[in-house]
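Trainee: quick check, what structure comes out for this input:
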Amino acid sequence: MILYVLLGKADESMKRIGILGMLLMSMIFTCCTAWADGGNAYAVVHNPDAADRLNLRAAPNKEAESLGKYYNGVGVQILEELNNGWVRVRIGNRGVAEGYMMKAYLQYDNTQAIATAMPTYTSTSSAWELYQSRDVNGAYDMYGYGETVTLLGFTSKWWHVQIREYTGFVPADASVLDQRTGNYYDGYATAQVHNPISTDRLNLRAEKTANSASLGKYYNGCMVAIVQKGNDGWSRVRIGNLEGYMKNQFLDFNAPKDQQTELLPKVTIQNPNGQGANLRRQASTRVNAVALYPNGTQVRVLGIAGEWCHVLIDGEIGFMMTQYLVPRLSFESTR
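Mentor: Below you'll find the model as predicted:
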């Protein structure tokens with residue numbers, strides 16, 4: 001879907017004008033939320049590498065502190081144009097971020113459709129805070145379970161998000177959002193891990209290099225969503241809520257979509273304390289459990305990352321602690 005987000009004042013009459021204007025501008029743009037501002041121009045983040053994000057800087061230079069990395073399709077309000085290729089911008093209406101972006105990565109008109117790269121999440125907590133600034137002691141609005149939340153940009157500590165017609169901030173470790181909205185692979189081409197050495201596993205890398213950190217080692221048969229297929233031998237992929245890079249030569253791009261095979265190892269939950277094992281969206285005990293499965297439940301393993309197994313169970317993808325699964329699987333792999 002093509003998503004176009006405009007930012008500015010939250011005045012109701014101006015919102016109606018902004019929405020009407022967007023509909024007239026182009027049939028290929030879908031206006032998710034529009035905040036029109038009477039005197040300011042607007043633009044949209046347009047990075048040639050759709051899998052990359054554009055930095056919002058504290059000053060108009062590449063060495064300045066990053067105030068957030070923003071996805072393609074995010075609308076920005078232009079506050080000032082500088083002579084050095086930078087512009088001062090505002091992002092959001094209630095929870096606002098201001099700073100500098102490189103003009104070369106912004107599109108000022110609708111002559112080219114921009115496919116959004118903004119992830120969509122669903123809130124999983126019955127009561128959570130959307131902050132109006134990056135301050136847990138500051139003002140906030142309360143929201144509940146099942147809200148659709150769009151991630152505009154992020155830092156290591158905060159997510160800048162949009163919910164309904166408002167923007168705001170959520171702590172990055174709040175664990176109140178779940179990226180699954182229906183099928184994990186909806187809207188994506190897919191591939192399947194296909195390693196010639198069937199006993200080996202394929203690394204999911206943090207960067208497009210064999211020397212970067214491994215986020216997990218994945219078994220033959222594991223289905224991955226293709227976020228971006230590269231011409232440099234690497235593809236950016238998503239497995240559940242986890243994204244990283246895999247080597248193209250070890251992926252089967254013609255495998256049937258949305259089909260996990262019997263190649264995936266099967267393990268059984270066995271907690272000595274008799275409490276079963278929690279399924280979590282991330283490999284951390286700080287993240288709320290999605291469900292608790294009893295001892296004796298069989299689980300398919302997609303991959304393994306140290307103390308955690310990335311698993312498939314009842315159509316859900318998540319993480320379980322390796323110590324509660326038998327037989328114990330090894331983390332060693334070379335690819």
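Trainee: only C-alpha atoms from now on, for both contacts and neighbour counts.
Mentor: Noted.
Trainee: contacts for stretch 77-92 next, please.
Mentor: 6-8, 40-43, 60-61, 75-76, 96-104, 166-168 (C-alpha atoms under 8 Å, 6 or more residues apart in numbering).
Trainee: buried ones in it?
Mentor: Within stretch 77-92, the residues scored as buried using 16 or more other C-alpha atoms under 10 Å are 77-79, 86-92.
Trainee: biggest separation within those residues, which pair?
Mentor: Farthest apart among those by C-alpha to C-alpha are Trp86 and Gly92. That separation is 19.1 Å.
Trainee: redo the buried residues of stretch 77-92 as TSV? Include pLDDT, secondary structure and distance to Gly303.
Mentor: Formatted as TSV, the buried residues of stretch 77-92 follow (pLDDT from 0 to 100; DSSP: H, G, I helix; E, B strand; the rest coil; distance: C-alpha to C-alpha, whole Å):
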residue	pLDDT	secondary structure	distance to Gly303
Gln77	94	strand	42
Ile78	95	strand	44
Leu79	95	strand	47
Trp86	97	strand	43
Val87	97	strand	43
Arg88	97	strand	43
Val89	96	strand	42
Arg90	96	strand	41
Ile91	96	strand	38
Gly92	94	coil	38
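Trainee: nearest to Pro196 among those?
Mentor: Ile91 (47.3 Å).
Trainee: residues contacting Leu151?
Mentor: Applying C-alpha under 8 Å, 6+ apart to Leu151 gives the contacts 118-121, 159-162.
Trainee: low-confidence stretches in the protein?
Mentor: The chain contains residues with pLDDT under 70 at 1-40, 51, 110-116, 173-187, 257-261, 330-335.
Trainee: show me it divided up by domain.
Mentor: According to automatic domain parsing, the chain comprises the domains 3-107, 120-178, 189-252, 266-326.
Trainee: any idea where the strands of the stretch 1-150 of the chain begin and end?
Mentor: Listed in chain order, the strands of the stretch 1-150 of the chain (DSSP state E, counting those that start in this stretch) span 3-6, 30-34, 42-45, 54-57, 66-70, 75-81, 86-91, 97-102, 106-107, 120-123, 128-131, 140-143, 148-154.
Trainee: the fifth one - contacts with which helices or strands?
Mentor: Which is strand 66-70. Applying 3 or more C-alpha pairs under 8 Å, 6 or more residues apart in numbering; DSSP states H and E, we find strand 66-70 packed against strand 54-57, strand 148-154.
Trainee: can you list the residues that contact the next helix-or-strand element following the last one?
Mentor: Going back to what we said before, that points to strand 148-154. As assigned by DSSP states H and E, the chain's next helix or strand after strand 148-154 is strand 158-163. Strand 158-163 is contacted from outside by 95, 134, 147-154, 167-172, using C-alpha under 8 Å, 6+ apart.
Trainee: each with direction, which strands does strand 158-163 pair with?
Mentor: Here strand 158-163 is paired, per DSSP bridges, with strand 148-154 (antiparallel), strand 166-171 (antiparallel).
Trainee: can you flag the buried ones in the contacts of stretch 77-92?
Mentor: The neighbour count (16+ other C-alpha under 10 Å) marks 6-8, 42-43, 60, 75-76, 96-103, 166-168 as buried among the contacts of stretch 77-92.
Trainee: circling back to that earlier point, got JSON lines for the strands paired with strand 158-163, with distance to Leu202 too?
Mentor: What follows is the strands paired with strand 158-163, written out as JSON lines (distance: least, C-alpha to C-alpha, whole Å):
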{"stretch": "strand 148-154", "distance to Leu202": "28"}
{"stretch": "strand 166-171", "distance to Leu202": "32"}
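Trainee: nearest to Ser212, out of these?
Mentor: Checking the strands paired with strand 158-163 against Ser212 by C-alpha to C-alpha gives strand 148-154 as the closest, at 21.5 Å.
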